[in-house]
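S.K.: Next one to model:
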Amino acid sequence: MTALRTTELTKRYRRSWALRDCTLDLPAGSVTALVGPNGAGKTTLLRLSVGLLTPTSGSVEVFGESPTTNSVRALSRIGFLAQDHPLYRHFTVADLLRFGRSSNVRFDHDLAAKRLTHLGIPLDRRAGALSGGQQSQVALALALAKRPDLLVLDEPLASLDPLARHEFQQMLMGAVADGDLTVLFSSHAVHELELVCDHLVVLNHGRVAVAGEIEALRAEHRVLVGPRVDADARRSASVIQATHSDRHTTLLVRDMEAPLLPGWQASSVGLEELILAYLRRPEDLEVAA
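M.R.: The predicted structure is shown next:
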C-alpha cells in the first residue's frame, strides 16, 4: 500500500518555484528521510502533504485521499510536528492533553500521558517552563496520540542536544515498532539517518533528485576510480558526480551493469557520500534527468 503519493506536485510563490513536478510513492510502514539544502522545498512538500498548503498544480494523496480537502477522515490519519514544535506556553502538559483529546477524533489520552510520565515530564508543568528537549517530547507525544497512519516531522532534531536527540529517536522508533506507522521527516543530520530510516528522498532545486529504499540505492551506485579522463563525464546520465586530480578521475555512477574499463577500480558508496553527490549536481542536470 502507498502511504503518500504525489504526482507532478508543484508549488509556486509569486515568481519563485518552491517545488516542481514532484512525483513520489512512499510505501506504508516506511520511515523516510527527506534531505536537501535550505530552500530546496522540503518544508513546502511536508506542508502540502498535511494539507496546510494547496498545490499550484499536481496532486497529493495520503492513503488515497487528498489532505487539502479538509476531510476529517483524511486529516485524522495524519500527525504533523513543525520544526519549532509549537505549544501553548501557558497550558500545562495536562491541559495540552485534554485539548488534544477534544480536538482529535482518535486521540489516545492515556497513551500520551503514559509516554510522558515514563520520560519524567510532569503533567502539571506549564509548557513554557519545560526545556527544549522536553517540549519536543510533549509535541511528539501529542502527535503520536492522534494514532496517525502517517507522521510528518519537519526538522524535529534541529534544536536538540545529543541526549535529547537520542531520547526523541527512541520514542519515535518505539512508536514505529508498536504499530503500522509511516514516518516522513526532514533532517540535516545525515549521519543519523541510517539508524532510523529505510527510505530516502533527496530534494534539490525544488525537484526530486533521487528517491528509494536506502539499501537499494546504495546497491545501484558505485564509486569508480581510474586514469584521468578529460571529457566532461558529468554530462553522462549515469554519472552523478565526477572529480579529477592530476592523474586520476573519480566517478560516482548509477550504473551497476556497465563493465569496468582496464585500470579502473570499483567500490561501494556510503549514504552520506551518495546524498552529497546528488546535492552537488547543477540544476540543469536535475532538469535533464
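S.K.: Nearest residue to the residue nearest the centre of the chain in space, ignoring adjacent ones along the chain?
M.R.: By C-alpha atoms, centre = their mean, the mean C-alpha position of the chain lies nearest to L34, the distance being 2.6 Å. Among residues not flanking L34 along the chain, S186 sits closest, at 4.2 Å (C-beta to C-beta, 6 or more residues apart in numbering). Any C-beta I mention is one placed from the backbone N, CA and C, and that applies to glycine too.
S.K.: what's the residue nearest to the centre of the chain in contact with, if anything?
M.R.: By C-beta atoms under 8 Å, 6 or more residues apart in numbering, L34 lies in contact with K42, L45, L46, L184, F185, S186, S187, V201, L203.
S.K.: Now go through those residues and say which are in strands.
M.R.: The members of these that map onto strands under DSSP state E are L184, F185, S186, V201, L203.
S.K.: Quick one: residues contacting the third one.
M.R.: Contacts were defined as C-beta under 8 Å, 6+ apart; by that measure S186 touches A33, L34, V35, G36, K42, T43, L46, L153, D154, E155.
S.K.: again, but for C197
M.R.: By C-beta under 8 Å, 6+ apart, the contact list for C197 reads V31, T32, A33, I214.
S.K.: circling back: take the contacts of S186 and write them to a markdown table, including pLDDT.
M.R.: Converted to a markdown table, the contacts of S186 look like this (pLDDT from 0 to 100):
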| residue | pLDDT |
| --- | --- |
| A33 | 94 |
| L34 | 96 |
| V35 | 95 |
| G36 | 93 |
| K42 | 94 |
| T43 | 93 |
| L46 | 95 |
| L153 | 93 |
| D154 | 92 |
| E155 | 87 |
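S.K.: re earlier: if you rank the contacts of C197 by neighbours, which is first?
M.R.: T32 (26 neighbours; other C-beta atoms under 10 Å).
S.K.: And the residue lying closest to that residue once chain neighbours are set aside, how close does it get to L260?
M.R.: The shortest distance from T32 to any residue other than its chain neighbours is 4.0 Å, reached at H199 (C-beta to C-beta, 6+ apart). Distance of H199 to L260, given as C-beta to C-beta, to the nearest Å: 30 Å.
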